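Peer 1: quick one: sequence and predicted model below, then my questions.
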Amino acid sequence: MSDSLQQLTILGATGSIGVSTLDVVARHPDRYAVFALTAHSRWQPLAEQCVLHKPQYAVLSGADEAALLSAELKRLGSMTEVLFGEEALAQVASHSEVDTVMAAIVGAAGLLPTLAAVNSGKKVLLANKEALVMAGGLFTQAVADSGAVLLPIDSEHNAIFQCMPAQHGTLAEAGVRKILLTGSGGPFRQTPLETLKLVTPDQACAHPNWSMGRKISVDSASMMNKGLELVEACWLFNCAPDKIDIVIHPQSIIHSMVEYMDGSMLAQLGNPDMRTPIAHALAWPERIDSGVASLDIVATARLDFEAPDFGRFPCLRLAVEAAKAGQTAPAILNAANEVAVEAFLAERIRFDQIAQIIDGTLEAIPLSEPESLSVVQEIDRRARDVAKLLVDRQA
Ligand code: NDP
C-alpha cells in the first residue's frame, strides 16, 4: 500500500451511510484504503464487505456474532481480524494508522467511539448527529482540544458548510445573518391529520426523496430529524437556535442555505444522494467523483418552499423548545425519541404517541448542566428509563 493512501475506519459500515461511503471509496482505490469496518450484529453483510474491501479489522458488538463472522471469514479465506465490544470500537476509531473516521453508527451508541476518534485528532466525518445532540458542548470542546477536523455528513450541514466562508468564528464574524435549514417535510407533509395516528412503520419509512435507515426515516416522518439537525447546526456553526430558520422544501434539491448581511443568499443544490456530502467530506478540501448523476435543473423546473407546521409535527416543536432550553434538554429529548421510535417500529405504540412519550420524559426530568460525559450518560440512562415506563403505560 502506498503511503499516500488515506486509511479509513467506517463505524456503522453495514448501514445506509456506511454502504454509500464504501461505494464512494471503491471508486478511488488510489486515495483510500479501508482500515476497519464495524456493525452491531449483522455479521453476514459485514462478511461480504470484508471480502470486498479487505480491512485489517472488523468489529461487532457481541462475542457470539463475532465468532460467526470469524468462522465465515476463515471459510472465505479473508485475513481480516475480528474484534468485538465497546473497547474494540474505540480502538479502531483511534488507532494510530487511521487518518479518517466515518461516524455512522445510529443513535447514542455512536457517542463513545466517535469521541474516541475526536480525542485522537482524526479527520472525523460526522453522520451520527445524536452524538452532538447529546453532548455538543463536550464534543466541540474535545474537537478544539485535540485538533481533530470535524466535517458534517448530514446533507443539510454539509450544504451549510459549503456555503460558509472557509474560516469563521461566530456567524457575525462570517458576515452571516442567518442559516436556512431545509427539510422535505417527509412522507406525511400532506397526510390528513386524522389519519396520522394510524400510519404504519413501513409508511413512515417510505421517504419520498431519500433512502435511509429505519430510525432516521421515522425521525424524518415526525420531523424530529429536523429538530435534531437544528441542535446539531447550533454546535457545528457556533450559533443560537434563533439564527436558524427551518424551511420546508419538498423537492430536496436545495440542501440548505446561508444568508449573508449584504442580502446574498447562497444555496447548495444537488440530487438527493448521500454520496455527494460523503465524497465532499472524504476529499475536502479537494473534490472527487461521487458517482452521483448531474442534477437536471431543467427537468427539476420548480423549487417550492413553505413554513413548517408545528401543529402537524409536535416532535419538531419539542425539539426546537429543547434546543432553546439547552442544558440537558437535547440529551433527554434524544434518549426519549430513540426509545419511542424503537417502540413505534416494534408496533408497540402509535405514531402520534412518539411525541407524547418525549413530552412526558422532558417533563419528568429536571434540567442540569451536561458538564461531564458521566453526567450525559446518566441523563441518557434516566431518560430511557422514564420513556420506557411511558411506553409500557401506552402500549
Ligand atoms: P442504519 O440503521 O442504516 O445503520 C446503522 C449502522 O450502525 C449499522 O451499521 C448498524 O449495524 C450500526 N449500529 C446500530 N446500533 C449499533 C450499536 N448499538 N452499536 C454499534 N453499532 C450499531 O443508519 P443510517 O446509516 O441511516 O444512519 C446512521 C447515522 O447517520 C444516524 O445517526 C443518522 O441520523 C445519520 N444520517 C443518516 C442519513 C441517511 O441518509 N441514512 C443522512 C444523514 C444522517 P447493524 O447493521 O449490525 O445493525
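Peer 2: Cool, the structure landed.
Peer 1: helices of the stretch 251-395 of the chain, residue ranges please.
Peer 2: For the stretch 251-395 of the chain, applying DSSP state H, counting those that start in this stretch gives helices covering 275-283, 297-300, 314-325, 329-345, 353-364, 373-394.
Peer 1: can I get those in CSV with distance to W235?
Peer 2: Bear in mind the C-beta positions are built from the backbone N, C-alpha and C, glycine included. Formatted as CSV, the helices of the stretch 251-395 of the chain follow (distance: least, C-beta to C-beta, whole Å):
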stretch, distance to W235
helix 275-283, 17
helix 297-300, 32
helix 314-325, 10
helix 329-345, 9
helix 353-364, 19
helix 373-394, 14
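Peer 1: return the most buried member of these.
Peer 2: The highest mean neighbour count among those, using mean count of other C-beta atoms under 10 Å, belongs to helix 329-345: a mean of 26.
Peer 1: do that helix and the ligand meet at all?
Peer 2: No. Judged by C-beta under 6 Å from any ligand atom, helix 329-345 stays clear of the ligand, getting no closer than 10.3 Å.
Peer 1: now mean pLDDT and distance to V25 too, for the helices of the stretch 251-395 of the chain, in a markdown table please.
Peer 2: Formatted as a markdown table, the helices of the stretch 251-395 of the chain follow (pLDDT from 0 to 100; distance: least, C-beta to C-beta, whole Å):
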| stretch | mean pLDDT | distance to V25 |
| --- | --- | --- |
| helix 275-283 | 98 | 7 |
| helix 297-300 | 94 | 28 |
| helix 314-325 | 98 | 33 |
| helix 329-345 | 98 | 29 |
| helix 353-364 | 98 | 35 |
| helix 373-394 | 97 | 31 |
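Peer 1: contacts for stretch 11-18?
Peer 2: 10, 19, 21-22, 37-40, 42, 45-46, 49, 89, 93, 101-106, 110, 113-114, 117, 127-128, 153, 211-213, 216, 274, 278 (C-beta atoms under 8 Å, 6 or more residues apart in numbering).
Peer 1: go on, stretch 128-141?
Peer 2: Contacts with stretch 128-141, where a contact means C-beta under 8 Å, 6+ apart, come from 11-12, 103-108, 110-111, 114-115, 118, 126, 154, 228-229, 231-232, 234-236, 330-331, 333-335, 338, 370, 372-373, 376, 380.
Peer 1: buried ones among these?
Peer 2: 11-12, 103-108, 110-111, 114-115, 118, 126, 154, 228-229, 231-232, 234-236, 330-331, 333-335, 338, 370, 373, 376, 380 (16 or more other C-beta atoms under 10 Å).
Peer 1: enumerate the residues of this structure near the ligand.
Peer 2: Going by C-beta under 6 Å from any ligand atom, the residues of the chain near the ligand are 12-18, 39-42, 61, 104-106, 109, 127-130, 154, 210, 212-213, 215-216, 274.
Peer 1: just the ones in helices from those residues, please.
Peer 2: Judged by DSSP state H, helices contain the following of the residues of the chain next to the ligand: 16-18, 129-130, 215-216.
Peer 1: contact partners for I254?
Peer 2: Applying C-beta under 8 Å, 6+ apart, we find I254 in contact with 159, 182, 267-269, 303.
Peer 1: how far away is the closest residue to it other than its chain neighbours from the ligand?
Peer 2: Counting by C-beta to C-beta, 6 or more residues apart in numbering, A267 is the residue found nearest to I254 once chain neighbours are left out, at 4.7 Å. A267 is 18 Å from the ligand, where distance means C-beta to the nearest ligand atom, to the nearest Å.
Peer 1: spit out the contact partners of A267.
Peer 2: 159, 163, 254-258.
Peer 1: which SSE is immediately downstream of the one helix or strand in the chain whose mean pLDDT sits lowest?
Peer 2: The helix or strand of the chain with the lowest confidence, counting by mean pLDDT, DSSP states H and E, is helix 193-196 at a mean of 91. Per DSSP states H and E, the first helix or strand lying C-terminal to helix 193-196 is helix 201-204.
Peer 1: buried residues of that next one, list them for me.
Peer 2: Those would be 201, 204, for helix 201-204 by 16+ other C-beta under 10 Å.
Peer 1: helices or strands next to it in the packing?
Peer 2: With contacts defined as 3 or more C-beta pairs under 8 Å, 6 or more residues apart in numbering; DSSP states H and E, the packing partners of helix 201-204 are helix 214-222, helix 329-345.
Peer 1: try it again with 6 Å
Peer 2: When contacts are defined as 3 or more C-beta pairs under 6 Å, 6 or more residues apart in numbering; DSSP states H and E, helix 201-204 packs onto no helix or strand at all.
Peer 1: figure out how far it is from the centre of its chain.
Peer 2: 20 Å (C-alpha atoms, centre = their mean, to the nearest Å).
Peer 1: go on, stretch 92-102?
Peer 2: Chain-centre distance of stretch 92-102: 19 Å, with C-alpha atoms, centre = their mean.
Peer 1: contacts for it, please.
Peer 2: 6-10, 21, 35-36, 57, 59, 113, 116-117, 120, 122-125 (C-beta atoms under 6 Å, 6 or more residues apart in numbering).
Peer 1: where's the closest residue to I10 other than its chain neighbours relative to G12, distance?
Peer 2: Leaving aside its chain neighbours, I10 sits nearest to M102 (4.6 Å; criterion: C-beta to C-beta, 6+ apart). Taking C-beta to C-beta, to the nearest Å as the measure, M102 and G12 are separated by 8 Å.
Peer 1: picking that back up, tell me the confidence at the residue nearest to I254?
Peer 2: Among the per-residue scores, A267 shows a pLDDT of 98.
Peer 1: who is it paired with across the strands?
Peer 2: When bridges are taken as DSSP bridges, the partners of A267 come out as M257.
Peer 1: please work out which residue of the protein is closest to the ligand.
Peer 2: Among the residues of the chain, G15 lies nearest to the ligand; the distance is 1.9 Å by C-beta to the nearest ligand atom.
Peer 1: please work out how many residues are found near that residue.
Peer 2: For G15, the neighbour count with other C-beta atoms under 10 Å is 24.
Peer 1: the one 3 residues further on too?
Peer 2: Applying the criterion other C-beta under 10 Å, we find 25 residues in the vicinity of G18.
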